[in-house]
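Chemist: I would like the atomic coordinates for the input below:
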Amino acid sequence: MTTVQKRRARARGGELDECLRACAAHSGKVVGSVDRRRVELGEQLRRLLVVWGTTGTAAPAPAPAGGATALLKRAVKGAATPAPGIPSELLDALLAVANKALECGYDDELNLALVISDTVLAQRKNSRAGWRLRARLLETLGEDGEALEAYERYLALTDDDGFGVRARIDGLRSAAGTERELYALLGRQCPRAGEFTSAPATEVWAEGLAAHAVGDWTEAEPRLVGALLSLAAENAPVQDRQELLSQYLDLRTAQETDLPALTEAVALYAEQRRNRMRGPVGDPTVGGVQWITLGEFRNQIAGKSICLIANSGRVGASSMGSRIDDYDLVVRFNSYRIDPKHTGGRTDIHVTIHKHGFNWDQRVTTRLVFGGVSGDWKYSLRNRLVPGAQTYLGDESLRWPVRNIGKLSTDVWPSIPTSGFNMLWLLDFLDVSPTLDLIGFDFYESGAYRVPEAMKLAITSVHEYTSEKEWVMQRAQSVTDMRISLR
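Modeler: Residues are numbered from 1 along each chain as shown. Here you go, the predicted model:
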């Protein structure tokens, strides 16, 4: 059976009861794991089981661990006929489990995520989160064509592309086109490859490796290229194609005497890999943005009154817009929402976590992007920055203030600091502003006030708002219902 046939042989899934039983069974599998990702998955599974028990959702008792395999293999790309309803709280818990399972990346967890994806879309066929989850899963599994369809379904259901899905679609399409060019080039450079495209690709590849092992590159190359062309023709998973392409080019590099021909092939390979990872880059200079260091940012804010605006329901009903705009510098966070009467109309500094793409297209003077992992932070900057949307951009010295500048380790500050706390800590540390006010900071007691697309996002549990509030109140000079003044 070919790889494609195996993929298409998956049974249909989507029943809520079976999905919940699969999650219950999987929760036992991750108990005692030392893998951080599986530990976090276990926490989300336990929360799901609590929600399941409190929502009154009818479902049979969890299946024993030994019977979980069959359930996990029932994931498909089609959706079953919806069962009546699914409580929103249960839906959110299922999605949280699926996202953690996707982060794990292991086969068992990916299968579980697929079961959940089927179930969510069976119950809520227009779930934006469900379609985005489906797309990310299919992309991880190397099924780019169907991932593109799912990404497009997501875009059709939203007006605000806060997760950069359009750029992801552009990258996948561009990479697919370049990959086709590469296969066509290899076919022209190795005409005999056509003789080996009708036999099973795995067998032909093994023959090619065997010929290479005995030093016969003349017989090895057409077989290797023929196997690659066969995999492309049968639409094998992207990961399989990429791995063998890389291996073939490594072998060819050691043999090649025609360097221009090799360079042409490697250039196409590199281009499709680059586009698949980050999408096409129209302007590598990002509109001539000026990078600023910690010291340069200090000079930028020195002597100026600053207000930090919370994305809270309290701000959304505050009628403080004109007073907010009176500050020298207005700082807003992540998925902030503008309503001039209540929030003010000006944004001088946009502070955002690198993982979300909300408001990156809004024109600001300075954008500070925070992220804990340098490589992921750089990847997000390359993919999300909009040329011309900012004059100044914080460099790596401003990437993660609490940890990198303050040296507050997890022993001192265990939870992940919020964007707001990172920025507030930075401003307090620099201590060059005569006025430093927090507007509407009630640490989400009044709910969130964000752009519509972000309102669906849960208030994440990875942050410890109580500790952040305590830190703020210890330094507060005055406190009113709407304003906390630190200077």
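
Chemist: going by C-alpha atoms from here, please, whenever you check contacts or count neighbours.
Modeler: Fine.

Chemist: burial of the residue lying closest to residue 321 once chain neighbours are set aside, as a residue count?
Modeler: Excluding the flanking residues, the one nearest residue 321 by CA to CA, 6 or more residues apart in numbering is residue 344, at 3.6 Å. Residue 344 has 21 neighbouring residues, counting by other CA atoms under 10 Å.

Chemist: before we move on, what about the one 4 residues further on?
Modeler: Neighbourhood size, residue 348 [other CA under 10 Å]: 17.

Chemist: now do the contacts for it.
Modeler: Neighbouring residues of residue 348 by CA atoms under 8 Å, 6 or more residues apart in numbering: 329-331, 364-366.

Chemist: re the thing from before, dihedrals phi and psi, the residue nearest to residue 321?
Modeler: Main-chain torsions, residue 344, degrees, to the nearest 10: phi 80, psi 170.

Chemist: go ahead and confirm it touches residue 318.
Modeler: No: using CA atoms under 8 Å, residue 344 makes no contact with residue 318, being 10.2 Å away.

Chemist: so where's the chain uncertain?
Modeler: Applying pLDDT under 70 to the chain flags the ranges 1-13, 56-85, 281-282, 284, 456-464.

Chemist: residues in contact with residue 271?
Modeler: If you count contacts by CA under 8 Å, 6+ apart, then residue 271 has 175, 178 around it.

Chemist: name the element it belongs to?
Modeler: Residue 271 belongs to helix 259-278 when assigned by DSSP states H and E.

Chemist: likewise residue 252?
Modeler: Counting by DSSP H and E, residue 252 is part of helix 238-255.

Chemist: give me the buried positions along that helix.
Modeler: The neighbour-count criterion (16 or more other CA atoms under 10 Å) identifies 238, 241-242, 244-245, 248-249, 251 as the buried residues of helix 238-255.

Chemist: and of those residues, the nearest to residue 374?
Modeler: residue 242 (25.2 Å; CA to CA).

Chemist: gap between the closest one and residue 406?
Modeler: Relative to residue 406, residue 242 is positioned 42 Å away (CA to CA, to the nearest Å).

Chemist: one more: residue 294?
Modeler: According to CA to CA, residue 294 stands 12 Å off from residue 406.

Chemist: more neighbours: which of these two?
Modeler: It is residue 294, of residue 294 and residue 406, that has more neighbours when counted by other CA under 10 Å, with 18 against 13.

Chemist: so what's the more buried one up against?
Modeler: Per CA under 8 Å, 6+ apart, neighbours of residue 294: 394-395, 397-398.

Chemist: and it, backbone torsions?
Modeler: Phi and psi for residue 294, reported as degrees, to the nearest 10, are phi -60, psi -50.

Chemist: go on, the one 5 residues further on?
Modeler: Note on residue 299: backbone dihedrals following degrees, to the nearest 10 are phi -60, psi -30.

Chemist: what is the burial count for it?
Modeler: The number of residues packed near residue 299 is 12, by other CA under 10 Å.

Chemist: equivalent analysis for residue 296, please.
Modeler: Using other CA under 10 Å, residue 296 has 12 other residues around it.

Chemist: what distance do you get for it to residue 425?
Modeler: In terms of CA to CA, residue 296 sits 17 Å off from residue 425.

Chemist: repeat that for residue 294.
Modeler: 13 Å.

Chemist: and residue 439, by the same measure?
Modeler: From residue 439 to residue 425 the distance is 16 Å (CA to CA).

Chemist: top of the contacts of residue 348 by neighbour count?
Modeler: Counting by other CA under 10 Å, top hit in the contacts of residue 348: residue 366 with 24 neighbours.

Chemist: tell me the secondary structure at that one.
Modeler: Per DSSP: H, G, I helix; E, B strand; the rest coil, the local secondary structure of residue 366 is strand.

Chemist: tell me what the closest residue to residue 290 other than its chain neighbours is bridged to.
Modeler: Nearest residue to residue 290, sequence neighbours excluded (CA to CA, 6+ apart): residue 392, at 4.8 Å. Beta-bridge partners of residue 392, counted by DSSP bridges, are residue 290, residue 366.

Chemist: so what's residue 392 up against?
Modeler: Neighbour list for residue 392: 289-292, 365-367 [criterion: CA under 8 Å, 6+ apart].

Chemist: from what I see, residue 241 and residue 231 are in contact.
Modeler: Yes: under the criterion of CA under 8 Å, residue 241 makes contact with residue 231 at 6.7 Å.

Chemist: what residues are up against the closest residue to residue 347 other than its chain neighbours?
Modeler: Counting by CA to CA, 6+ apart, residue 347 lies nearest to residue 330, which is 5.4 Å off, once chain neighbours are set aside. Residue 330 makes contacts with 306-309, 324, 346-349, as judged by CA under 8 Å, 6+ apart.

Chemist: now list the buried members of the residues you listed.
Modeler: Among the contacts of residue 330, the ones that count as buried by 16+ other CA under 10 Å are 306-309, 324, 346-349.

Chemist: now, among those residues, which is nearest to residue 181?
Modeler: residue 349 (43.4 Å).

Chemist: I'd like to know how far that closest one sits from residue 390.
Modeler: Distance from residue 349 to residue 390, by CA to CA: 9 Å.

Chemist: which one's more surrounded, residue 439 and residue 425?
Modeler: Between residue 439 and residue 425, residue 439 has the larger neighbour count (other CA under 10 Å), namely 24 against 20.

Chemist: in this structure that one contacts residue 314, no?
Modeler: No: using CA under 8 Å, residue 439 is not in contact with residue 314; the gap is 9.1 Å.

Chemist: which residues are in contact with each of these two?
Modeler: Joint contacts of residue 439 and residue 314 (CA under 8 Å, 6+ apart) are residue 482.

Chemist: tell me the spacing between the nearest residue in space to residue 292 that is not next to it in sequence and residue 298.
Modeler: Leaving aside its chain neighbours, residue 292 sits nearest to residue 394 (5.1 Å; criterion: CA to CA, 6+ apart). Using CA to CA, residue 394 is found at 11 Å from residue 298.

Chemist: who's more crowded, these two?
Modeler: Taking neighbours as other CA under 10 Å, residue 394 and residue 298 compare with residue 394 leading, 20 against 17.

Chemist: OK, contacts around residue 481?
Modeler: When contacts are counted by CA under 8 Å, 6+ apart, residue 481 touches residue 440.

Chemist: how about residue 360?
Modeler: Neighbour list for residue 360: 384-386, 389 [criterion: CA under 8 Å, 6+ apart].

Chemist: reformat the residues you listed as JSON lines; add distance to residue 15, secondary structure and neighbour count.
Modeler: Shown next, in JSON lines, are these (distance: CA to CA, whole Å; DSSP: H, G, I helix; E, B strand; the rest coil; neighbours: other CA atoms under 10 Å):
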{"residue": "384", "distance to residue 15": "37", "secondary structure": "helix", "neighbour count": "21"}
{"residue": "385", "distance to residue 15": "40", "secondary structure": "coil", "neighbour count": "19"}
{"residue": "386", "distance to residue 15": "42", "secondary structure": "coil", "neighbour count": "18"}
{"residue": "389", "distance to residue 15": "45", "secondary structure": "coil", "neighbour count": "19"}
